[in-house]
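A.B. asks: Return atomic coordinates for the entry below.
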Amino acid sequence: MPAGQTVAVGVYRNSPKVFLDESGRPAGFFIDLLEEMARKEGWRLKYRPCEWVRCLELLEKGDLDLLPDVAYSAERARRFAFGKEVALSSWSVFYTRPDQPLYSIKALDDARVAVVRQSIQYQALRKKVEALGIHPRFLETDEMGEVLRLVRDGQARAGLVNTYFGWRNADRFGLKESSVLVRPSLLYIAASRRAAGASLLPVIDDYLRAWKQDRDSPYHAAMLRWLAPPERSRLSRWLGWGVVITLSVGLLLLSLALLFRFLLKQRTAELERKQRRLDHLAHHDPLTGLPNRLLFFDRLEHAIQRSRRQKKGGALLFLDLDQFKQINDTFGHALGDALLEQVSQRLRKAVRESDTVARIGGDEFAVIMEGLNEPADVIAGVQHLSAVFEEPFDLRGQRFTVTFSIGISLFPQDGKDAQTLLRNADTAMFRAKAAGRNSYQFYDQSMTQETVARAKLESALRKAVANETLEIRFQPVVILADGRLAGFEALLRWHDEELGQIAPERFLPVAEELGLMERLGAQMLTAICRQAVAWEEAGLRVERLAVNLSCRQLRDSGLLERVSRILEETGCPARVLEFEVRENFVMGRKELSIAAMERLRSMGIELAIDDFGTGCSSLSYLKSLPLSRLKIDRSFIAGLPNDENDPAIVRAVIALGKTLGLKVLAEGVETEAQRRFLTEAGCDEAQGFLFGLPLTAEEATVLLEREKEHPGRIGEDWH
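C.D. replies: Numbers count the residues shown, from 1 in each chain. Okay, here's the model as predicted:
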């Protein structure tokens, strides 16, 4: 379009992406982009305010040249013109009143739900509820502000809006964001097929493509201005602490005065009270206030004796919190302790007054149930306990759903003394954990054999780490565009003479529990670096060797020194290495993650986010990390290309990676159809059984020699 031409642009209310400000002027993320393009190209932008549905009609008729912030769909592609470059990725989320939290989309069955008419989010939601067999009553509106108003006024149970609009407007309506999301959308600047707007799309694509690669461009400036999540005010928290401190000081002064008078008048009574206090501390857990191991055994022995006298049965429940170690490692011990306190309070409320709840140690609890007529009574108690824990815990802005693996031993049949009953319940608990967690198992004698097998595994693993007999395999990583070898991911394998081949998912959690991961990680890194040097000396260049860092390793203050020492001792260049860190850990310990990763990056080591898509990353936080690569979790690849949701999610992750200037790698690629989809979607690299199984060092050497002689031949059978 020649300079000086007028471009008609539709503006509807969708803050902060596009809207009219208080003075009636167009504003928002998309407006900033169009204004800058118009300034450079000499266009004259003529804005036309309209409601969402009316804007779509005007664009289709040709009365508008451009309409920003339009989600792509096949139906819309027949009505409007879309460019090739995605302008933005957007998720949608339900908002509710604070007194009506929403934890599952199934809770919306027969409930009123406010939505924007003809929106992509609405269409996706309709497909989702149809698949689930639920029937919400939809209230259609013309704009998102009306959606939030209907929820605030109680006319709707929940309202669906995009996250950017919710961040800036939910507080104004007194609403809270739920954890229930609707699939991501790819947003474009759409053009009319009947007007001159379609001719602008190649120009718009060029600007978007260039700006997204430049962190100092108008694109990134607009993102920071409009799309960064707002900081929450900390005033209320400080006021709360001020009140607590004031009350604490006042109570302390009052207690000292009362204590002084009490010591003068009641010395003998004070000594008796101290003795009772010491006795309580000796028999109760200091964190939760529950009976400790000592008092637990005493009460269990008394329960066994009463069972014999009354000729009634009893049960011992051994409870282990699922995934508590991951929470503790990710969010810190202070939050872990706070969670244990709340768990203990809920346990007290979940059992009968005649039952005993005790903390055995760490994340392990026990419940003694007496006066049972039959085992079915135990099942009813366990089901009630599980139901009580369905509601998530809220701690420091985080939500946690706690489940238990429960082992059950019955008395008198499973043991005549407390030690035997506890040992057998513990054995049953490990069976429940192995069965997939969040379940319960009754003890039977065959479980003793499993306990012995676990002890053998631990002993063999300690020996293998001490003797450095675990082996390393190298899985090829391939560049999708031309089939060339991009490098390898290093993987641990273990074959024991007595136990045979043991899967990583079986021995790595045991190594973590036994505290062997730091030593094992150092052994693995040393072997990888030595192999890289050997390949270099043989004239075989390796572009990248990726290795996973565990949560424990990344938290270790000695990590940087240990890595530096290994690189110096082996002579391996830091550029060869790439450390992969799980998304959940990085997002849970942000300050620690950034500091540790920046130190590693300063050494020349590349960094990648592993299993991306399984956590809750924010765009603004990802931009602050010194990353080189995103690895899409294999769970999203498995459904390609025919799954209803996975293709949209994978495209959104790839678009996000491109926006941040990162390479994108897909894990678990096993079929030709998956490779074609990823290549067409713009994914950079892939690994999986389609390209080769994990190789020994000798097999990897042969592959490197072949790659050196015939580059790109790794993928010739699927080109």
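A.B. asks: low-scoring pLDDT stretches of the stretch 151-300 of the chain, where are they?
C.D. replies: Low-confidence segments of the stretch 151-300 of the chain (pLDDT under 70): 183, 195-196, 229-252, 254-255, 257, 268.
A.B. asks: residue boundaries of the strands in it?
C.D. replies: For the stretch 151-300 of the chain, the strands defined by DSSP state E, counting those that start in this stretch cover 158-162, 176-191.
A.B. asks: Deepest in the core, which of those strands is it.
C.D. replies: Most buried of the strands of the stretch 151-300 of the chain, by mean neighbour count (mean count of other Cβ atoms under 10 Å): strand 158-162, with a mean of 27. C-betas here are computed from N, CA, C, even on glycine.
A.B. asks: Check the burial of the residue lying closest to L290 once chain neighbours are set aside by counting its neighbours.
C.D. replies: Leaving aside its sequence neighbours, L290 sits nearest to R359 (Cβ to Cβ, 6 or more residues apart in numbering; 4.6 Å). Each residue near R359 was counted by other Cβ atoms under 10 Å, and the total is 25.
A.B. asks: Look at R359 and report its pLDDT.
C.D. replies: With respect to pLDDT, R359 has a value of 94.
A.B. asks: May I have the helix or strand where it lies as PDB, with CA atoms only?
C.D. replies: For R359, the host element (DSSP states H and E) is strand 356-361. This file holds the C-alpha atoms of strand 356-361, laid out as PDB (Å, rounded to 0.1, in the frame of the first residue of the first chain):
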ATOM      1  CA  THR A 356      -4.900 -41.600  67.700                       C
ATOM      2  CA  VAL A 357      -3.100 -39.600  65.100                       C
ATOM      3  CA  ALA A 358       0.700 -39.400  65.400                       C
ATOM      4  CA  ARG A 359       3.700 -38.100  63.400                       C
ATOM      5  CA  ILE A 360       6.200 -40.900  63.000                       C
ATOM      6  CA  GLY A 361       8.800 -38.700  61.300                       C
END
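A.B. asks: Name the residues that touch that strand?
C.D. replies: If you take Cβ atoms under 8 Å, 6 or more residues apart in numbering as the criterion, strand 356-361 is touched by 285, 287-288, 290-293, 295-296, 299-300, 303, 318, 340, 344, 347-348, 351, 365-368, 422.
A.B. asks: What about the residues you listed, which are in helices?
C.D. replies: Among these, DSSP state H puts 293, 295-296, 299-300, 303, 340, 344, 347-348, 422 in helices.
A.B. asks: before we move on, the earlier item: name the residues of the strand holding R359 that are buried.
C.D. replies: 356-360 (16 or more other Cβ atoms under 10 Å).
A.B. asks: Partner strands of it, with direction?
C.D. replies: strand 364-372 (antiparallel) (DSSP bridges).
A.B. asks: What is the subsequent helix or strand relative to the strand it pairs with?
C.D. replies: Following strand 364-372 in sequence order, the next helix or strand is helix 375-388 (DSSP H and E).
A.B. asks: For that next one, what does the pLDDT average out to?
C.D. replies: In this model, helix 375-388 has an average pLDDT of 85.
A.B. asks: From here on, call the first residue 19.
C.D. replies: From this message on, residue numbering opens at 19, which makes the last subject helix 393-406.
A.B. asks: can you count the residues close to K676?
C.D. replies: So K676, with other Cβ under 10 Å, has 18 neighbours.
A.B. asks: just R57 next, same as before
C.D. replies: By other Cβ under 10 Å, 11 other residues sit near R57.
A.B. asks: helix or strand for it, which one?
C.D. replies: Using DSSP H and E, R57 falls in helix 47-59.
A.B. asks: That helix to strand 194-209, inter-axis angle?
C.D. replies: 30 degrees (axes from the mean of the first three to the mean of the last three Cα atoms, to 10 degrees).
A.B. asks: Next, the residues that contact helix 47-59 from outside, please.
C.D. replies: Applying Cβ under 8 Å, 6+ apart, the contact partners of helix 47-59 are 19, 21, 25, 27, 29, 34-36, 61-63, 84, 86-87, 105-106, 182, 207, 221-222, 225-226, 229, 236-237, 239-241, 243-245.
A.B. asks: lowest-pLDDT helix or strand in this structure?
C.D. replies: Lowest on mean pLDDT, DSSP states H and E among the helices and strands of the chain sits helix 253-283, with a mean of 58.
A.B. asks: Now render the strands of the stretch 169-318 of the chain as CSV, adding distance to E690.
C.D. replies: Below are these laid out as CSV (distance: least, Cβ to Cβ, whole Å):
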stretch, distance to E690
strand 176-180, 35
strand 194-209, 25
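A.B. asks: Of all these, which one is nearest R559?
C.D. replies: Closest approach to R559 among the strands of the stretch 169-318 of the chain (Cβ to Cβ): strand 194-209, 37.5 Å.
A.B. asks: Mind giving me the packing neighbours of that closest one?
C.D. replies: If you count contacts as 3 or more Cβ pairs under 8 Å, 6 or more residues apart in numbering; DSSP states H and E, strand 194-209 packs onto helix 47-59, strand 84-89, strand 106-114, helix 138-150, strand 176-180, helix 219-231, helix 664-677.
A.B. asks: angle of the helix holding R57 against strand 84-89?
C.D. replies: Calculated by the same axes, to 10 degrees, helix 47-59 forms an angle of 140 degrees with strand 84-89.
A.B. asks: With A540 as the reference, name the closest of the strands of the stretch 169-318 of the chain.
C.D. replies: Nearest of the strands of the stretch 169-318 of the chain (Cβ to Cβ): strand 194-209, 38.5 Å.
A.B. asks: can you tell me how far the residue nearest to R311 when sequence neighbours are not counted sits from A246?
C.D. replies: What sits nearest to R311 in space, not counting adjacent residues and going by Cβ to Cβ, 6+ apart, is I378, at 5.6 Å. Note on I378: its distance to A246, by Cβ to Cβ, to the nearest Å, is 46 Å.
A.B. asks: follow-up on the earlier one: ChimeraX command to pick out the buried ones of the contacts of helix 47-59?
C.D. replies: The following ChimeraX line selects those of the contacts of helix 47-59 that are buried, judged by 16+ other Cβ under 10 Å:
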select :25,27,29,34,35,36,61,63,84,86,87,105,106,182,207,222,225,226,229,236,237,240,241,244,245
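A.B. asks: Could I get the full set of helices for the stretch 469-618 of the chain?
C.D. replies: According to DSSP state H, counting those that start in this stretch, the stretch 469-618 of the chain carries its helices in the segments 522-531, 535-555, 569-573, 577-588, 601-606, 608-620.
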